[in-house]
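K.L.:
Got a sequence here, can you model it:
(2 chains, ligands or ions: 2)
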Amino acid sequence: MSERPVVSENILELTSLTKRFGGLLAVDNVSLHIKRGEVFALIGPNGAGKTTLFNNVTGLFQPTSGRVVFDGRDITGSKPHEVARLGIARTFQNIRLFSYMSCLDNVRVGRHVRMHAKLWDSLFKLPSERHEEERVTQEAMDLLRFVGIAQQANQYARNLPYGQQRRLEIARALATDPKLLLLDEPAAGFTPQEKVELMALVGKILERGVTVFLIEHDMKVVMGISQRIVVLDHGEKIAEGAPDEVRKDARVIEAYLGKSA
Amino acid sequence: MALLQRRRMRDRDAMIYGVLLILALAFPATVLYATGSSALISQAGHAGTFVLLAIGLNVVVGFAGLLDLGYAAFFAIGAYTYALFASSQLDSSPLHHSFHLPFWLMIFVGMFVAAAAGVILGFPTLRLRGDYLAIVTLGFGEIVPQLSYNLPQWTGGINAIGGIDSPSLPAWITGPWAGANNIAIIRPDVCPVLGSSTKFAPCFSFGFDPIAFYVLIVIMIIGAVILVGNLHRSRLGRAWMAIREDEVAAAAMGINTVTTKLLAFAIGASFSGFAGAYYGASFGLVSPDQFLFLVSVTVLVMVVLGGMGSIAGVIVGALVIYFVLNSILPQLPSTVESLANTFGLNSLNVQNGDWPGLAQETQRVSFLVYGLILVLMMLLRPQGIFPSRVREQELKHAAVQEDEAAVEAAHAG
Ligand SMILES: Nc1ncnc2c1ncn2[C@@H]1O[C@H](COP(=O)(O)OP(=O)(O)OP(=O)(O)O)[C@@H](O)[C@H]1O
Ligand SMILES: [Mg+2]
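P.N.:
Ligands and ions are numbered 1, 2, ... in the order given. Sure thing, here's the model as predicted:
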């Protein structure tokens, strides 16, 4: 593999992305770009199409039309595992851990894509495989420590308290060595204290050189950590900009107030 | 707590393996001493085939969570691969030329042919979601015996392939125990030197000696346990578990779910093919009715009942079910008859009008009894005899407490 020159300062570019479910335009002609090293937030009322947009980026859904360019490479229509290999990791709105695997194993699964052991290496436990396993176990423990749940390494994921499950999902995603991390409502159901801790964690993730693309409902969290925001409503992008600008945008206020009224 | 549990599991498995190994070593001598015949040893060799099958199917069903209902088809493929190329069968085929390739080569060929069949079958199927695999394997399991029924010019059809070659080893392997009848038979007359039809070298032949086959299957099972255990605790083993737990999340972690599942399926098939080649050699006869749906179901029952996902568990499960099927059930009629006699119910044993006699009647309902035994066992131990940690937890939903000590150990181990 030859090292490709950095083509642009954008890590992710979506061009006219559209996803249609039958008669429903879940994502409607959305274009946006995310710069390297920023925290970019996607907000919008329930059912606006935020998760669907994530699913189109990560290959879970095939876009109806439009383009997804990641790190200078067109990944439109790629398979989820290919997208992960290229460097996009994600968490899920409704946590999807490997329930009956230990926390350590959950994170080691995240490391899978950066491991090299082939069938024969594992079958005969060759020294290279053994070393890789040792190394990966260390790295996984480091990540558990990074998100603050190292004590739970040997617990089944399903036995963790809710907040720690969210952290474990982040650790597992980070284990894939992503360039871009998609977090789908990471603070949902959190106490104010937990939200503060999460914001600190996102800061630490940025320091690792990972760009963060975030869906979040809690405005305090969004305003607190993101540099730029895109607002989605009924699949359409209705606003984009810095937190302060977006907050004052008339269409945004209407979308949110209209919903609660 | 979790750590303790894991240790307990490991100790338990080590104990099972230890007990099994001692039993396996003591078995031939004990049987020869007690019964003076090697019939039971030969049966044990046959049971070992099923142990091997159960270990293989456990990779597919227990590790990767794929339901394979046609596992016997791969068993058949392995057996026929060996039978065709290690007998005179192909003389009477359109080829008019037979092969007598060595067992030690063909057992691996059988394995690869079965694995290839697994890939060909799995590739289109495993990309589909859900239970398609169960249906397709079910169909495949029916097709393979049908093919061998309906291609008599190749497979001998219902007449089976007989006179299958026994494995042989070069003389230097036989060692100091050569000539000792209970280990091996030296038969200088059966091993032609390669490329010469007149010169013969002394060699160690399996002949019809069940002990040689018994030793072979025990070695093969030990090898299988080690290799499958290695896989279980590896990158690939974790990927299988992840797919079983949540396929979408596994894919999002960069696991190619199709090829990973395919690998589980093919590895399972290769075990079946391997066992099939051994079976062909040890039994000396291969016919389509040895590979019917019942065989697939039996192996599946062994896996589920032994404890899905637990290697030690499925070995015990295979032995228990084999024992029930081949020892308890066949003896049931005579046992019931003599029981009736002891209790003074002799009249029950006499045929009378529609009543065929107790023994006959028991014979009739023996599969009902088998079903009842299975139901009872599943009611008593739904997680299997020796379940994996996961299965046990899934069924118990035990609340596991936190354990600070776990960190240190996870670090150390
Ligand atoms: N697989 C699917 N098939 C059909 N419709 C879908 C599918 N996934 C999502 N939708 C629909 O697309 C629309 C957008 O859903 P989406 O989950 O993306 O919203 P969201 O912005 O993430 O909402 P929330 O804040 O509640 O998570 C909804 O109307 C939803 O019902
Ligand atoms: Mg959503």
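
K.L.:
can you pull out the strands in the stretch 1-150 of chain B?
P.N.:
Remark: strands assigned in the stretch 1-150 of chain B by DSSP state E, counting those that start in this stretch are B:86-87, B:99-100.

K.L.:
export the ones you listed to CSV and tack on mean neighbour count and distance to ligand 2?
P.N.:
Any C-beta I mention is one placed from the backbone N, CA and C, and that applies to glycine too. Formatted as CSV, the strands of the stretch 1-150 of chain B follow (neighbours: other Cβ atoms under 10 Å in any protein chain shown; distance: least, Cβ to the ion, whole Å):
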stretch, mean neighbour count, distance to ligand 2
strand B:86-87, 24, 61
strand B:99-100, 14, 63
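
K.L.:
For B:Asn150, which of those strands is the nearest?
P.N.:
Closest approach to B:Asn150 among those (Cβ to Cβ): strand B:86-87, 19.7 Å.

K.L.:
List the residues that contact A:Lys237.
P.N.:
The neighbourhood of A:Lys237, defined by Cβ atoms under 8 Å, 6 or more residues apart in numbering or on different chains, consists of A:29-32, A:230-231.

K.L.:
Look up phi and psi at it.
P.N.:
Dihedral pair for A:Lys237: phi -80, psi 120, per degrees, to the nearest 10.

K.L.:
Report the beta-bridge partners for it.
P.N.:
Beta-bridge partners of A:Lys237, counted by DSSP bridges, are A:Leu232.

K.L.:
Could you count how many residues lie near the residue in the stretch 251-400 of chain B that ligand 2 sits nearest to?
P.N.:
In the stretch 251-400 of chain B, the residue that lies nearest ligand 2 is B:Ala252 (15.1 Å; Cβ to the ion). For B:Ala252, the neighbour count with other Cβ atoms under 10 Å in any protein chain shown is 28.

K.L.:
any idea how far it is from chain A?
P.N.:
Distance of B:Ala252 to chain A, computed by Cβ to the nearest Cβ, to the nearest Å: 5 Å.

K.L.:
and that residue, what pLDDT?
P.N.:
Per-residue pLDDT puts B:Ala252 at 96.

K.L.:
can I assume it is in contact with A:Thr58?
P.N.:
Yes. If you go by Cβ atoms under 8 Å, B:Ala252 and A:Thr58 touch, sitting 6.2 Å apart.

K.L.:
one step back: could you pull up the residues touching the residue of the stretch 251-400 of chain B closest to ligand 2?
P.N.:
Applying Cβ under 8 Å, 6+ apart, the residues contacting B:Ala252 are A:58, A:60, A:80-81, A:84, A:89-90, A:92, A:96.

K.L.:
Would you mind measuring from whichever residue of chain A sits closest to chain B to B:Ala239?
P.N.:
In chain A, the residue found nearest to chain B is A:Val113; the distance is 2.9 Å by Cβ to the nearest Cβ. For A:Val113, the distance to B:Ala239 equals 10 Å [Cβ to Cβ, to the nearest Å].

K.L.:
Stretch B:107-116 near chain A anywhere?
P.N.:
No. Counting by Cβ under 8 Å from any Cβ of the partner chain, chain A is not contacted by stretch B:107-116; separation bottoms out at 11.3 Å.

K.L.:
And the average pLDDT for that stretch is what?
P.N.:
93.

K.L.:
list the buried ones in that stretch?
P.N.:
B:107, B:109-115 (16 or more other Cβ atoms under 10 Å in any protein chain shown).

K.L.:
Over to stretch B:371-385?
P.N.:
B:373, B:377, B:383-385.

K.L.:
Any regions of chain B where pLDDT drops low?
P.N.:
Scanning chain B for pLDDT under 70 picks out B:1-4, B:129-130, B:168-209, B:391-413.

K.L.:
mind running it again at 50?
P.N.:
B:171-172, B:174-205, B:398-409, B:412-413 (pLDDT under 50).

K.L.:
which helix of it spans the most residues?
P.N.:
helix B:2-35 (DSSP state H).

K.L.:
Tell me the buried residues in it?
P.N.:
For helix B:2-35, the buried set under the neighbour-count rule, 16+ other Cβ under 10 Å, comprises B:2-3, B:5-6, B:9, B:13, B:16-17, B:20, B:24, B:28, B:31.

K.L.:
Does ligand 1 have contacts with stretch A:21-28?
P.N.:
Yes. Contact between stretch A:21-28 and ligand 1, assessed by Cβ under 6 Å from any ligand atom, occurs at A:21, A:24, A:26.
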